[in-house]
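>>> coordinates only, no sequence provided:
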């Protein structure tokens, strides 16, 4: 099995990013404001909390974009509002020829969008699809992988679309990639990037859109009511999470690299192979020699591993998560569910993950009477 995971930031790159976020924040908040929990309500002239607007400006500057807005609904809400903004001129949406992320599929069906599929791994097919479908006015590109064997470069896909038809508005789903990789979609030429702040150690239920000013203004206009606003204290929690996320995520990536090497070396005989893959978060996929994935997962939770995701890298998830493979991977090959699990080390170390795996495999053998 070949996988093509996205390149993660090194610890030094993550450190530099952390320093940059702090430096930008200090240009928008003074030394008294930064120690505040933030304001509430719809401030006159801004129609939102002043601190929320400050954090949005910080996010826009961080990603070299025209504007940004914090929205309700975490990553799903950000994608939903992003799609609403780019689909105003038509319903035809260019997407990758792969299973659409389930929550995004719900949005597409609700909006009565017409997905037109092209293999993003082949730029020639993207161009051919655009030629054959002049009614395409928008595109959705998922920065992380949708299929195990996806190898497309987000920037190359965006440039191919824009060079063929500059009027196509592009939204990138940057969930599981923000503050992990050198550039997100809007930095590669997309019109909008959508992501969950919950996955960046921020508060539950808050997402972000960053990109073109006209699209951001449309989303702001649609969310004019006080009940739709992300309040100042939530925005400050978003900012604090983004400060600490880069280093935490870089350490997590480093642990994943170590685990792949150790598992491939044969340290655990029951493991056939191990891969790093973006499915959707960058995780460790562990393939066993036998169809024992379900039994192993029954044991890992007993030893302290998180049994299911909360926000997939949220602030609540610090112990390693061991869980079934993602729905998009299962759609691609249902048989993998019987012999493969995914592991996200979160804040844990390689020794902890290896210990849990070994103990759980020993228990599985005992359950089978071996």
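Yep, that arrived. Predicted model only: the values in this text are computed from it and were never measured.

>>> C-alpha only now, for contacts and for neighbours.
Noted.

>>> residue 97: what's it in contact with?
Counting by C-alpha atoms under 8 Å, 6 or more residues apart in numbering, residue 97 touches 117, 118, 119, 120.

>>> return the members of those classed as buried.
Buried members of the contacts of residue 97, scored by 16 or more other C-alpha atoms under 10 Å, are 118, 119, 120.

>>> closest one of those to residue 206?
residue 120 (29.2 Å; C-alpha to C-alpha).

>>> and the closest residue to that closest one other than its chain neighbours, how many neighbours?
In space, not counting the residues next to it along the chain, residue 120 is nearest to residue 96; the distance is 5.5 Å by C-alpha to C-alpha, 6 or more residues apart in numbering. Residue 96 is flanked by 20 other residues according to other C-alpha atoms under 10 Å.

>>> do residue 42 as well
17.

>>> now residue 52
26.

>>> quick one: secondary structure of it?
helix (DSSP: H, G, I helix; E, B strand; the rest coil).

>>> which regions of the stretch 201-350 of the chain lie under the pLDDT threshold?
Residue ranges of the stretch 201-350 of the chain with pLDDT under 70: 279-280, 328.

>>> show me where this structure has strands.
67-72, 92-96, 114-118, 138-142, 169-173, 192-196, 206-211, 271-278, 282-288, 321-324, 340-344 (DSSP state E).

>>> can I get those strands in JSON lines with distance to residue 185?
Below are the strands of the chain laid out as JSON lines (distance: least, C-alpha to C-alpha, whole Å):
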{"stretch": "strand 67-72", "distance to residue 185": "14"}
{"stretch": "strand 92-96", "distance to residue 185": "15"}
{"stretch": "strand 114-118", "distance to residue 185": "18"}
{"stretch": "strand 138-142", "distance to residue 185": "8"}
{"stretch": "strand 169-173", "distance to residue 185": "5"}
{"stretch": "strand 192-196", "distance to residue 185": "6"}
{"stretch": "strand 206-211", "distance to residue 185": "9"}
{"stretch": "strand 271-278", "distance to residue 185": "16"}
{"stretch": "strand 282-288", "distance to residue 185": "17"}
{"stretch": "strand 321-324", "distance to residue 185": "27"}
{"stretch": "strand 340-344", "distance to residue 185": "24"}
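
>>> what's the longest helix anywhere in the chain packed up against?
Taking DSSP state H as the criterion, the chain has its longest helix at helix 232-264. Contacts defined by 3 or more C-alpha pairs under 8 Å, 6 or more residues apart in numbering; DSSP states H and E place helix 232-264 against helix 11-28, helix 50-62, strand 271-278, strand 282-288, helix 350-367.

>>> again, only using 10 Å
Other elements packing on helix 232-264 under the criterion 3 or more C-alpha pairs under 10 Å, 6 or more residues apart in numbering; DSSP states H and E are helix 11-28, helix 50-62, strand 67-72, strand 206-211, strand 271-278, strand 282-288, strand 340-344, helix 350-367.

>>> now the last one, how far from the centre of its chain.
Its chain's C-alpha centre and that of helix 350-367 lie 29 Å apart, by C-alpha atoms, centre = their mean, to the nearest Å.

>>> residue contacts, the closest residue to residue 113 other than its chain neighbours?
Leaving out its chain neighbours, the residue that sits closest to residue 113 by C-alpha to C-alpha, 6+ apart is residue 91, at 4.7 Å. Residues counted as contacts of residue 91 (C-alpha atoms under 10 Å, 6 or more residues apart in numbering) are 108, 111, 112, 113, 114, 115, 116, 135, 136, 137, 138.

>>> now those in a markdown table, with neighbour count, pLDDT and distance to residue 249?
Output for the contacts of residue 91, formatted as a markdown table (neighbours: other C-alpha atoms under 10 Å; pLDDT from 0 to 100; distance: C-alpha to C-alpha, whole Å):
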| residue | neighbour count | pLDDT | distance to residue 249 |
| --- | --- | --- | --- |
| 108 | 19 | 95 | 30 |
| 111 | 14 | 95 | 34 |
| 112 | 11 | 94 | 36 |
| 113 | 17 | 96 | 34 |
| 114 | 15 | 96 | 36 |
| 115 | 21 | 97 | 33 |
| 116 | 17 | 98 | 34 |
| 135 | 14 | 95 | 40 |
| 136 | 24 | 97 | 36 |
| 137 | 22 | 96 | 35 |
| 138 | 25 | 98 | 31 |
